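Colleague: with the sequence up front, the predicted model follows.
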Amino acid sequence: MLDYHLQKLLDSAKKEIFSGKLPNYIPLLAQVNPQAISIAINQLNSDGKFDMTVAGNTQLTFPLMSVIKPFLLLYLLEIKGINEIFGIVDRQSTSVAFNAIPEGKPANPMINSGAIAISSLLPSYEALQIWLNQQSGANLSLDREMLASVRSVANRRNLAIASQLQSLGIIPNPNHALNVYEEICCLRGNVQDLAKIGTLLLNTNINTNKSPNIEIVLEIMTQCGMYGASAEFAQDIGLPSKSSVSGALLSIIPERAAIACYSPALDAIGNSVAGIFLLKNIKSYLL
């Protein structure tokens, strides 16, 4: 039954795509098919196992970009602990732009300055990639062409952010922090991969990574995960979520399901137009 409703919703979501635009500041992201769309729902069943329901072109792969940020935070909380992570980044919502140059300690790990700050604690992108794939069964890989495209941008605002973080005494090595941050953002997969790693945030008994840190990540996602629309999204939809400039969108129904969407046409804030439409309309079938 969910398969039928999902396909109907996907057909309706395709009509929403025309109100969005592709991002133009990363060359390769501006070249993707704006009509591309897919969704995967990884849902815990009554037997304590996960069922994957998919629709759309689920073979499409895409760079995770900012959708990786909750998993960066979770991994570092697991290996470094709360005190070290929140010693260099806060856990508060903010009205500043996601790519604002910080004037002090970054407000949260979902904005670029916060994610770059904690990326300084990651030894390499491979550490996170291997952990995610091993824990979830996903098959994330580094998209080197996208990474080169990201680094080809003349006005690299993230470079200025990393330099500012060093000048504030928050990170010691801006080159390392920025390199790792850009690499993890260019980890690539399809919606099934995103839905698989999403289950690491469910905090169920089946989750081998069951941890109190998951609740911290979900709280920050709810408050800060949807750029400037986070507060409105939390009120309207109420699911911990994280969006991405690539058009990827992940939402979590705690202890129930991970919902992964991909549609690269974005609204003015930077969130996937079709992805938000799908989430608004799929909730009633899952709750």
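Modeller: Happy to help now that I have it. The structure displayed is predicted, hence computed values, not measured ones.
Colleague: how many neighbouring residues does residue 113 have?
Modeller: A total of 28 residues lie near residue 113 under the criterion other Cβ atoms under 10 Å. Every C-beta, even on glycine, is put in place using the N, C-alpha and C of the backbone.
Colleague: what sits against it?
Modeller: Contacts were defined as Cβ atoms under 8 Å, 6 or more residues apart in numbering; by that measure residue 113 touches 100-102, 106-107, 161, 164-165.
Colleague: mind listing what's buried in stretch 31-49?
Modeller: 32, 34, 36-44 (16 or more other Cβ atoms under 10 Å).
Colleague: state the pair within those that is farthest apart.
Modeller: 34 and 44 (33.3 Å; Cβ to Cβ).
Colleague: okay, and residue 98 sits in which element?
Modeller: For residue 98, there is no enclosing helix or strand under DSSP states H and E.
Colleague: re the thing from before, now for the contacts of residue 113: which two are most distant?
Modeller: Farthest-apart pair in the contacts of residue 113 is 107 and 164; separation 13.9 Å (Cβ to Cβ).
Colleague: ranges for the strands of the stretch 51-200 of the chain?
Modeller: Defined through DSSP state E, counting those that start in this stretch, the strands belonging to the stretch 51-200 of the chain, from first to last, are 62-63, 141-142, 187-189.
Colleague: OK, contacts around the residue nearest to residue 73 when sequence neighbours are not counted?
Modeller: Here the nearest residue to residue 73 in space, its sequence neighbours aside, is residue 109; by Cβ to Cβ, 6 or more residues apart in numbering that works out to 4.6 Å. By Cβ under 8 Å, 6+ apart, the contact list for residue 109 reads 69, 72-73, 85, 89, 91, 115, 117-118, 220.
Colleague: and with 7 Å instead?
Modeller: Residue 109 is in contact with 69, 73, 89, 115, 118, 220, counting by Cβ atoms under 7 Å, 6 or more residues apart in numbering.
Colleague: closest to residue 263 among the residues you listed?
Modeller: Within those, proximity to residue 263 (Cβ to Cβ) peaks at residue 69, which comes in at 19.3 Å.
Colleague: tell me the secondary structure at residue 203.
Modeller: What DSSP: H, G, I helix; E, B strand; the rest coil gives for residue 203 is coil.
Colleague: quick check: it touching residue 253?
Modeller: No: here residue 203 does not reach residue 253: they are 11.4 Å apart, not a contact under Cβ atoms under 7 Å.
Colleague: middle-most residue in the protein, spatially?
Modeller: To find the centre residue of the chain, average its C-alpha atoms and take the closest one (Cα atoms, centre = their mean): that gives residue 67, at 1.1 Å.
Colleague: so what pLDDT did residue 201 get?
Modeller: The score at residue 201 is 95. That number is its pLDDT.
Colleague: give the contact list for the closest residue to it other than its chain neighbours.
Modeller: By the measure of Cβ to Cβ, 6+ apart, the closest residue to residue 201 outside its immediate chain neighbours is residue 252, 5.0 Å from it. Residue 252 is in contact with 198, 201-202, 218, 239-240, 258, counting by Cβ under 7 Å, 6+ apart.
Colleague: who wins on neighbours among the residues you listed?
Modeller: Neighbours were tallied for each of these (criterion: other Cβ under 10 Å), and the maximum of 27 neighbours falls on residue 198.
Colleague: give me the residue ranges of this structure where confidence is low.
Modeller: Within the chain, the segments meeting pLDDT under 70 span 1, 204-210, 287.
Colleague: what ranges does it have for its helices?
Modeller: For the chain, the helices defined by DSSP state H occupy 2-16, 69-80, 82-85, 112-119, 125-136, 144-151, 157-167, 174-185, 191-198, 213-224, 230-236, 273-286.
Colleague: ok so, going back, which of the contacts of residue 109 has the most neighbours?
Modeller: Per-residue neighbour counts (other Cβ under 10 Å) across the contacts of residue 109 peak at residue 69, which has 29 neighbours.
Colleague: thank you, goodbye.
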